[in-house]
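Student: I need the structure of the sequence given here:
(one chain, ligands or ions: 1)
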Amino acid sequence: MIRTPEQYIESLRDGRIIYLNGEKIPDITKHPHMKGAINYRAKSYALANDPKWRDLITMEEENDRVMFLWKQPQTSKDLLRRRDLYIKCMKLGGIISGMGPDALAAAGVVAARMDKKLGTHYTDALEDYRTHLKRNDPAITGAITDVKGNRSIRPSAQEQHQDFYVRVVDRQKDGIIVRGAKMHISDTPGANEIIVSPCRAHREEDKDYAVVFATPLNAEGVKLFTSPRFYEETDEEALWNWPVSGFYGGISECMIVFDDVFVPWNRVFMCGEWQFSRDIAWTFGVFHRLFGTCHKVVFTEQAAGAAALIAEYNGIDKYPHIQEKLAWLAAHAEIINTMARAGCEHPDFFPDIGLAAPNLVYTNIAKFMFANDQFETSKIMCDIAGGLVSTVFSYKDWENPEEKPYIDKFLAGKSGIPTEDRLKVIRMIKDMSGHNHDNIAIHGEGSLAAQKMALYAGADWERYKAAAKRVCNIEGWKESKEFKDLSPWPPEPILK
Ligand SMILES: Cc1cc2nc3c(=O)[nH]c(=O)nc-3n(C[C@H](O)[C@H](O)[C@H](O)COP(=O)(O)OP(=O)(O)OC[C@H]3O[C@@H](n4cnc5c(N)ncnc54)[C@H](O)[C@@H]3O)c2cc1C
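Tutor: Got it, this is the predicted structure:
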């Protein structure tokens, strides 16, 4: 089934334990700071019910409509539709949060591998969970990042306590008991359920930390600590002051504590198979970086657009040094778009289990580029926009009749452009640079080092080395299947 936005909102009144700004929130649907995050998700339910978007967001199965994202990707077409769906929903103002579906897809790949290699039955549990998702249509998110304590020490060797990484503390007849905490988990207040997976490779001594499971967010022992929003304004003021972040209310991430939570076996998708922890972390990484690149397709378009608009409004759009900077922003947007799309067009296929994942190298290149170049993007936007990005006035100033005439007169730019439009674009650049987006771009979907590791491991070094050996006429280049049929280098000269 596909729920209506109203059914979705009602489902959030579920007795969950959630804190914000030092307060326990009895009903998040009534809290003013939660409204943006809930509306953002509710809009995706509205889109799924909208005849115009229904065929993209949902699929027909057994005479019922279900979310397309519950399907385990098997082909390039599946991945391209996944990408299209994420991008469209973001552009239409609804978030289908990638974390949950990405964790589901990663769990599907790894469960199939474990079952094949070890004779386990995790795919059955996942299928049971998928049936539940299709029948009840919950909003799900994904928790991978552990709080981690001392980063240089393995999970089971941590000194202060053993709970810096989520772990199994008891195995019972009907299920397991889990303890620990996950940090920075996006779109949590607006979610009903969560899939939890490890964030790193494990050794045998860490096997209790090799656990993947799903749980409702109102399960006994789950506690949510919401990161406060960075502004204090009302929603109306926030939309003017923070045109990008103000829309979703500035509320998204939670620390999720699992205080001895019971998980039944039909929601457990890995339990102790430490050899596969790395696999789940990397597979989630590549699926989730596909989602991240969708965000950035939207973001980089907006960044290039905001810089071009302010250049025009300030009357500097014809200067060569400005055009050069704008060209960099356009190239950046298109490279990320193209590279991320290529990751879906040329996916990694796993014929032994009949599944597919976004191309490890292309997807990591796209994510690495937008994260690594975020400061360049901010730098260019701020450079073009001028000092006003730091000193711009607020919505309340603009609305104050005593200040407004002066602001209107003295902060005008090129004639024909309303001062308010100029101020709005400046506020947008302020929101997209510096204090907020830089850190999200770099650490959302994993730190820069994570993409470099995946890139290094996935790159075709043998091909690269064969290419160099052939040029230098060093033995061994013919062992590469890409080069074996080519003639030695250089080719025979025609004119002797
Ligand atoms: C806005 C936002 C939203 C997010 N949403 C989600 C989400 O929905 N789900 C989720 O699971 N996670 C989410 N994350 C978490 C994100 O994936 C992590 O922030 C990221 O992986 C970095 O982890 P960390 O914050 O613990 O920093 P750290 O791991 O402490 O990293 C800081 C630095 O230390 C280095 N480092 C850490 N450990 C080692 C080591 N052993 N050896 C060498 N270097 C090391 C890192 O490379 C990095 O340079 C989100 C993060 C942000 C900022």
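
Student: element containing the spatially most central residue of the chain?
Tutor: For the chain, the residue sitting closest to the mean C-alpha position, by C-alpha atoms, centre = their mean, is residue 292 at 4.0 Å. Per DSSP states H and E, residue 292 falls inside helix 277-313.

Student: buried stuff in that helix?
Tutor: Buried residues in helix 277-313, counting neighbours by 16 or more other C-beta atoms under 10 Å, are found at 277, 279-297, 299-304, 306-313. Heads up, the C-betas are built off the backbone N, CA and C, glycines and all.

Student: need the pLDDT of the residue lying closest to residue 296 once chain neighbours are set aside.
Tutor: Computed as C-beta to C-beta, 6 or more residues apart in numbering, the closest residue to residue 296 that is not its neighbour in sequence is residue 370, at 4.3 Å. Looking at residue 370, its pLDDT reads 92.

Student: and residue 370, how far from residue 269?
Tutor: Using C-beta to C-beta, to the nearest Å, we find residue 370 at a distance of 30 Å from residue 269.

Student: quick one on the thing from earlier: surely the residue nearest to residue 296 touches residue 294?
Tutor: No: between residue 370 and residue 294 there is no contact, the gap being 11.0 Å when judged by C-beta atoms under 8 Å.

Student: show the subsequent helix or strand relative to the least confident helix or strand in the chain by mean pLDDT.
Tutor: For the chain, scoring each helix and strand by mean pLDDT, DSSP states H and E identifies helix 437-443 as the least confident one, at a mean of 61. Where DSSP H and E defines the elements, the next helix or strand beyond helix 437-443 is helix 448-458.

Student: before we move on, the earlier item: list the buried residues in the host helix or strand of the residue nearest to residue 296.
Tutor: Assigned by DSSP H and E, residue 370 belongs to helix 360-372. Along helix 360-372, the positions that meet the burial threshold by neighbour count (16+ other C-beta under 10 Å) are 360-371.

Student: same deal with stretch 64-73?
Tutor: Applying a neighbour-count criterion of 16+ other C-beta under 10 Å, the buried positions in stretch 64-73 are 65-73.

Student: reformat the residues you listed as a markdown table; add distance to residue 330, secondary structure and pLDDT.
Tutor: Written out in a markdown table, the entries for the buried residues of stretch 64-73 read as follows (distance: C-beta to C-beta, whole Å; DSSP: H, G, I helix; E, B strand; the rest coil; pLDDT from 0 to 100):
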| residue | distance to residue 330 | secondary structure | pLDDT |
| --- | --- | --- | --- |
| 65 | 39 | strand | 96 |
| 66 | 38 | strand | 97 |
| 67 | 34 | strand | 97 |
| 68 | 31 | helix | 97 |
| 69 | 31 | helix | 97 |
| 70 | 36 | helix | 97 |
| 71 | 34 | coil | 96 |
| 72 | 36 | coil | 97 |
| 73 | 30 | coil | 97 |
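
Student: and these, which is closest to the ligand?
Tutor: The shortest separation between the ligand and any of those is 15.3 Å, and it belongs to residue 69 (by C-beta to the nearest ligand atom).

Student: surely the closest one meets residue 82?
Tutor: Yes: between residue 69 and residue 82 there is a contact under C-beta under 8 Å: 6.9 Å.

Student: pull up the overlap in contacts between these two.
Tutor: Residues touching both residue 69 and residue 82 by C-beta atoms under 8 Å, 6 or more residues apart in numbering: residue 101.

Student: low-confidence stretches in this protein?
Tutor: Per-residue confidence of the chain (counting by pLDDT under 70) places the weak regions at 435-443.

Student: how about the residues of it near the ligand?
Tutor: Residues of the chain found near the ligand, taking C-beta under 6 Å from any ligand atom as the criterion, are 99, 142-145, 148, 151-152, 184-186, 253, 439-440, 443-444, 446-447, 449.

Student: try 8 Å
Tutor: For the chain, the residues found near the ligand under the criterion C-beta under 8 Å from any ligand atom are 97, 99, 141-148, 151-152, 182-188, 199-200, 252-253, 288, 439-440, 442-450.

Student: in PyMOL, select just the buried ones from those.
Tutor: Applying 16+ other C-beta under 10 Å to these leaves a buried subset, and the PyMOL line that selects it is:
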select buried, resi 97+99+141+142+143+144+145+146+147+182+183+184+185+186+187+188+199+200+252+253+288+440+442+444+445+446+450
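
Student: residue 467 - how many residues pack around it?
Tutor: Counted by other C-beta atoms under 10 Å, the residues lying close to residue 467 total 15.

Student: and it, how far from residue 458?
Tutor: With distances taken as C-beta to C-beta, residue 467 is found 17 Å from residue 458.

Student: equivalent analysis for residue 12, please.
Tutor: Between residue 12 and residue 458 the distance, using C-beta to C-beta, works out to 39 Å.

Student: pick out whichever of those two has more residues nearby.
Tutor: Ranked by neighbour count (other C-beta under 10 Å), residue 12 and residue 458 place residue 12 first, with 22 against 18.

Student: can you show me the helices along the stretch 101-250 of the chain?
Tutor: Counting by DSSP state H, counting those that start in this stretch, the stretch 101-250 of the chain has helices at residues 122-136, 235-241.

Student: can you put these in a markdown table and add mean neighbour count?
Tutor: Rendered in a markdown table, the data for those read as follows (neighbours: other C-beta atoms under 10 Å):
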| stretch | mean neighbour count |
| --- | --- |
| helix 122-136 | 17 |
| helix 235-241 | 17 |
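
Student: residue 337: which of those helices is closest?
Tutor: Between residue 337 and these, the shortest gap by C-beta to C-beta is with helix 235-241, which sits at 27.0 Å.

Student: ok, then the element right after that closest one?
Tutor: With elements assigned by DSSP H and E, the helix or strand that comes after helix 235-241 is strand 254-264.

Student: list the helices and strands that next one packs on?
Tutor: Contacts of strand 254-264 with other secondary structure elements, assessed using 3 or more C-beta pairs under 8 Å, 6 or more residues apart in numbering; DSSP states H and E, are made with strand 175-185, strand 211-216, strand 222-226.

Student: pairing partners for that strand, with directions?
Tutor: strand 175-185 (antiparallel), strand 222-226 (antiparallel) (DSSP bridges).

Student: nearest to residue 239, out of the ones you listed?
Tutor: Using C-beta to C-beta as the measure, strand 222-226 is the one of those that comes nearest residue 239, at 20.6 Å.

Student: which residues are in contact with the closest one?
Tutor: For strand 222-226, the surrounding residues in contact (C-beta under 8 Å, 6+ apart) are 16-20, 188-189, 215-217, 251, 253-259, 261.

Student: just stretch 103-121 next, same as before
Tutor: Contact with stretch 103-121 is made by 69-70, 72-73, 122-123, 125-126, 129-130, 133, 140, 142-144, 195-197, 212, 269-270, 273, 276, 279-280, 283-284, 287-288, 350, 352-355, 357, as judged by C-beta under 8 Å, 6+ apart.
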